[in-house]
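Visitor: A structural model of the following input is requested.
(chains A, B and C)
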Amino acid sequence: MRYWLMKTEPGVFGLADLQASPGQTTAWEGVRNYQARNFMQRDMTPGDRVLFYHSNANPSAVVATALVASPAQPDLTALDPNSPYFDPRATPENPRWYMVTVKLDQVLPRPVTLAQMRQVPALLGMLLLQKGMRLSVQPVTPEEFQQVLALGGL
DNA sequence: GCCAACGTTGGC
DNA sequence: GCCAACGTTGGC
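Guide: Next comes the predicted model:
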């Protein structure tokens, strides 16, 4: 089993939206970065655990955990001209972009903010905390995952 | 709203 | 294949 962190902007799709989704499950559509796509397509397996992170938020924070609920499938929003995630280079034969499905696991009793994580020596190696890091799907170590949970009251 | 850092595009 | 220009991300 692997551990991940997935970013989302609460103004676009936040924890409240995930909670309101059928089965508290959502397709992680709209990722248009190759590295993030490759993590989902190659490395994610159902059952993997996810830190659900609010970016561009006040404050930015890990707010919940989630589970990978399905293997990667083509992200068909890339084929839809009316979608904000439309990519004219995607075709049914080569859909180009992939997504997994994510299911809410536990809401953290206390959100773990970015500022808070920066103060924890054991977390300084997290990709999230590296300068210029904008990858929206990124691996975390089991130790980092556990540490964030502890900070969040789980 | 600003802007640093990054990824992608496209001219050459 | 280089690299300048551009668009995006995301913290502050």
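Visitor: Can you tell me the centre-most residue of chain A?
Guide: residue A:6 (1.7 Å; C-alpha atoms, centre = their mean).
Visitor: which residues touch the helix ranked longest in chain A?
Guide: For chain A, the helix that runs over the most residues, judged by DSSP state H, is helix A:142-151. Applying C-beta atoms under 8 Å, 6 or more residues apart in numbering, the contact partners of helix A:142-151 are A:3, A:49, A:51, A:62, A:65, A:108, A:110, A:112, A:116-117, A:120, A:122-123, A:125-126, A:140. C-beta coordinates here come from the backbone N, C-alpha and C atoms, glycine included.
Visitor: which of those are close to DNA strand B?
Guide: Restricting the contacts of helix A:142-151 to those near DNA strand B by C-beta under 7 Å from any atom of the strand leaves nothing, as none qualifies.
Visitor: Just the buried subset of these, written out for PyMOL, thanks.
Guide: Only the buried members of the contacts of helix A:142-151 enter the following PyMOL selection, criterion being 16 or more other C-beta atoms under 10 Å:
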select buried, chain A and resi 3+49+51+62+65+108+112+116+117+120+123+126+140
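Visitor: tell me the two of the contacts of helix A:142-151 that are most distant?
Guide: Pairwise distances across the contacts of helix A:142-151 (C-beta to C-beta) peak at 22.3 Å, for the pair A:110 and A:125.
Visitor: Could I get the CA-only coordinates of stretch A:75-86 as PDB?
Guide: Only the C-alpha atoms of stretch A:75-86 are listed here, as PDB (Å, rounded to 0.1, in the frame of the first residue of the first chain):
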ATOM      1  CA  ASP A  75     -10.300  11.200 -17.900                       C
ATOM      2  CA  LEU A  76     -13.100  11.800 -20.400                       C
ATOM      3  CA  THR A  77     -13.400  15.500 -19.500                       C
ATOM      4  CA  ALA A  78     -10.400  15.900 -21.800                       C
ATOM      5  CA  LEU A  79     -12.600  14.900 -24.700                       C
ATOM      6  CA  ASP A  80     -15.500  17.300 -23.900                       C
ATOM      7  CA  PRO A  81     -15.200  20.700 -25.600                       C
ATOM      8  CA  ASN A  82     -17.500  22.100 -23.000                       C
ATOM      9  CA  SER A  83     -15.400  21.100 -20.100                       C
ATOM     10  CA  PRO A  84     -12.900  23.400 -18.500                       C
ATOM     11  CA  TYR A  85     -10.500  20.500 -18.700                       C
ATOM     12  CA  PHE A  86     -10.900  20.000 -22.400                       C
END
